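> Here is a sequence with its predicted model. Questions after.
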Amino acid sequence: MTLPTSGAAPISVGGLVGGSDSMLLGLTCLSVLSLLYAFFVLRPRTKGGSSAPPTVTNSPVSGLPVVGTIVEFGKSPVKMVQRCYEEYGPVFTVPFFHKRLTFLIGPEAQEPFFKAPDEVLSQDEVYGFMKPVFGPGVVYDASKKNRQVQFQSMAHGLRTSRLKGYTAKIERETRQYLETWGESGEIDLFHALSELTILTSSRCLHGDDVRENLFKEVSELYHDLDHGLTPLTVFFPNAPTAAHKKRNEARAKMVELFGKVIKNRRDNPDVKHSDGTDILSIFMDVKYKDGSPITDEQVTGLLIALLFAGQHTSCITSTWTSLFILNNPEIMKRIVSEQMDVFGSEPDAAVDYKKVNEDMPLLHNSMKEALRLCPPLILLIRYAVKELKVKAAGKNYTIPKGDMVLISPSVGMRIPEVFKDPDAFDPDRFGPGREEDKSSPYAYMGFGGGMHSCMGQNFAFVQVKTILSVLFREFEMEMIADKVPDIDYEAMVVGPKGDCRIRYKKRQTSN
């Protein structure tokens, strides 16, 4: 459909379209535009009654109502949310085509987001686009009862007693990987830590048999699955694109591969396939509440889900943590000193869970600070199944049923009233006497919060801190670039955008 532009002459075809007909065409087009305006602008503004949040329809990007905010959001969601927070306050709604996106920014406004049960704020309607990646009957596509069982089995595999065993596995993989670096050189730290993260994750999640015999295949299939998740996927998860085709083929091959592993383990129970602590072993034994066993396809889907969550968070966070430390000589000196205090005269001593969990507060707080400044997920989303009451900045709001409700860790964790000098890398803000993250239960969102906080956060801390503990003890390092890279807000899961190369040199140890 082509609309006539202002000042355009009436189109005449064989004399059939005369003055009166062109006037009729113009009135028809005007009626259509009026209906669209009413649907996209007036309707979202009036929904929710007098206590509804203010509606954002104007944007500095474009003078066209609604269109401007859509374009602005597409260019940089974080910048747009930051602008709207400054102009409209902690609760506001942005019409987005036929949807309403209602944002809750700041600890007080965010509280209902984290406390509301699934019957009020649901994830299912939001994250259904992950079904082609995880497969049917897994996580958001599973029934509520089955999902609870799946999550319980994940939590069982990530409990403290297992983390103690994972620490040694992660250290072994790290040392083996770093042996390939040699005595000195240059390397892209983001690429290197991405490789190392998936190696350590595979050892802990999949078991020794998969890590040692099938890692290359699993890694390649994961790559195709990961690249099959694009911005288009969110809206059209089954669009006939090349990336989606490779994603679907990769998932089918992954199911086939792990199906063979599961069959081999069950057919040969007396053979030692792994030490039994890997999460694959746990998933294989899952039974749902109705007595039905989990399928091989669902086992594979759960492994993919865990690998997705862990790979992105740990790889990106270990990179940011390292780069922020390297960019701050004083913090760098203190990190190395902390490691030397923990390991004393034995820099090659084994890393154990107690040391990682209790004896490295500066490294721990550096990782927390990297997550505050650069959270991998810039938006967390729910669907309002029922009305939601929100109180913020002395006002009461009613979020109407049907709204998409969002928070932004990227904006919410850079509010100066909550975090002093919020754009600075300052791990001491979490230390004794300051503890800025405890100013409110929902001030810090490095791993989400509330009933849906990330169950893998303890594993992530152990994984990243073990890797970095070995890395900073083994090598002297410096950034090649003169500043920390920008944040790549164009990516689905945001990471560094720019030069992540470092120079490294093996530390000399005194005998």
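Everything's here; your move. Residues are numbered from 1 along each chain as shown.

> residues touching the residue nearest to residue 475 when sequence neighbours are not counted, list them.
Leaving aside its sequence neighbours, residue 475 sits nearest to residue 504 (C-beta to C-beta, 6 or more residues apart in numbering; 4.4 Å). (Each C-beta comes from the backbone N, C-alpha and C, glycine too.) Counting by C-beta atoms under 8 Å, 6 or more residues apart in numbering, residue 504 touches 181, 184, 185, 186, 187, 475, 476, 477.

> quick one, helices of the stretch 401-511 of the chain?
Listed in chain order, the helices of the stretch 401-511 of the chain (DSSP state H, counting those that start in this stretch) span 409-412, 457-474.

> got JSON lines for those helices, with mean pLDDT, distance to residue 89 and mean neighbour count too?
Below are the helices of the stretch 401-511 of the chain laid out as JSON lines (pLDDT from 0 to 100; distance: least, C-beta to C-beta, whole Å; neighbours: other C-beta atoms under 10 Å):
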{"stretch": "helix 409-412", "mean pLDDT": "96", "distance to residue 89": "13", "mean neighbour count": "24"}
{"stretch": "helix 457-474", "mean pLDDT": "95", "distance to residue 89": "30", "mean neighbour count": "23"}
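
> closest to residue 495 out of those?
helix 409-412 (12.8 Å; C-beta to C-beta).

> Pull the distance from the closest one to the chain's centre.
Put simply, helix 409-412 sits 13 Å off its chain's centre (C-alpha atoms, centre = their mean, to the nearest Å).

> got it, and stretch 88-95?
Using C-alpha atoms, centre = their mean, the offset of stretch 88-95 from its chain centre is 23 Å.

> what's the answer for stretch 484-495, then?
11 Å.

> Okay, buried residues for that stretch please.
Under the neighbour-count criterion of 16 or more other C-beta atoms under 10 Å, stretch 484-495 has 484, 485, 487, 493, 494, 495 buried.

> How about stretch 216-224?
The neighbour-count check on stretch 216-224 (16+ other C-beta under 10 Å) flags 218, 221, 222, 224 as buried.

> Surely the third one touches residue 198?
Yes: the pair residue 222 and residue 198 qualifies as a contact (C-beta atoms under 8 Å) at a distance of 7.0 Å.

> what's the overlap in contacts for these two?
The overlap between the contact sets of residue 222 and residue 198 (C-beta under 8 Å, 6+ apart) consists of 307, 311.

> Specify the stretch among the helices of the stretch 401-511 of the chain that is closest to residue 87.
Smallest distance to residue 87 across the helices of the stretch 401-511 of the chain (C-beta to C-beta): 13.0 Å, for helix 409-412.

> Which one of the buried residues of stretch 216-224 is nearest to residue 421?
Nearest member of these to residue 421, counting by C-beta to C-beta, is residue 222, at 38.6 Å.

> That closest one - nearest residue in space that isn't next to it in sequence?
residue 307 (6.2 Å).

> quick one: contacts for that neighbour?
By C-beta under 8 Å, 6+ apart, residue 307 lies in contact with 198, 201, 202, 205, 222.

> Mind checking which of these land in helices?
Taking DSSP state H, the ones among the contacts of residue 307 that sit in helices are 198, 201, 202, 205, 222.

> Was I right to think the second one contacts residue 312?
No: judged on C-beta under 8 Å, residue 201 makes no contact with residue 312 at a distance of 10.7 Å.

> how much space is there between residue 300 and residue 390?
Relative to residue 390, residue 300 is positioned 39 Å away (C-beta to C-beta, to the nearest Å).

> next one: residue 365
As for residue 365, its distance to residue 390 is 31 Å (criterion: C-beta to C-beta).

> Looking at these two, which has the bigger crowd around it?
residue 390 (23 against 18; other C-beta atoms under 10 Å).

> phi, psi of that one?
Here is the backbone geometry of residue 390 (degrees, to the nearest 10): phi -130, psi 130.

> and what of the one 4 residues further on?
Geometry field for residue 394 lists phi and psi as phi 80, psi 10, criterion degrees, to the nearest 10.

> what pLDDT does it get?
Note on residue 394: pLDDT of 95.

> Equivalent analysis for residue 92, please.
pLDDT, residue 92: 97.

> Likewise for the one 3 residues further on?
In the predicted model, residue 95 carries a pLDDT score of 92.

> just to revisit the earlier point, now tabulate the buried residues of stretch 484-495 in JSON lines and tack on distance to residue 107 and pLDDT.
Shown next, in JSON lines, are the buried residues of stretch 484-495 (distance: C-beta to C-beta, whole Å; pLDDT from 0 to 100):
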{"residue": "484", "distance to residue 107": "26", "pLDDT": "96"}
{"residue": "485", "distance to residue 107": "29", "pLDDT": "96"}
{"residue": "487", "distance to residue 107": "22", "pLDDT": "93"}
{"residue": "493", "distance to residue 107": "24", "pLDDT": "80"}
{"residue": "494", "distance to residue 107": "22", "pLDDT": "86"}
{"residue": "495", "distance to residue 107": "26", "pLDDT": "90"}
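
> Residue 55: which of those is nearest?
Distance to residue 55, by C-beta to C-beta, is smallest for residue 494 among the buried residues of stretch 484-495, at 27.2 Å.

> Show the buried residues in the contacts of residue 504.
187, 475, 477.

> which one of those residues sits closest to residue 71?
Distance to residue 71, by C-beta to C-beta, is smallest for residue 187 among those, at 38.8 Å.

> hang on, the closest one in a helix?
No: assessed with DSSP: H, G, I helix; E, B strand; the rest coil, residue 187 is strand; it does not lie in a helix.

> Tell me how many other residues crowd the closest residue in space to it that isn't next to it in sequence.
Spatial nearest neighbour of residue 187, chain neighbours left out: residue 502 (6.3 Å); criterion: C-beta to C-beta, 6+ apart. Here the number of neighbours of residue 502 (other C-beta under 10 Å) works out to 21.

> wait, what's in contact with residue 502?
Contact analysis of residue 502 by C-beta under 8 Å, 6+ apart lists 186, 187, 189, 322, 326, 477, 478, 479, 480.

> Let's see that with 6 Å instead.
Residue 502 is in contact with 189, 477, 479, counting by C-beta atoms under 6 Å, 6 or more residues apart in numbering.
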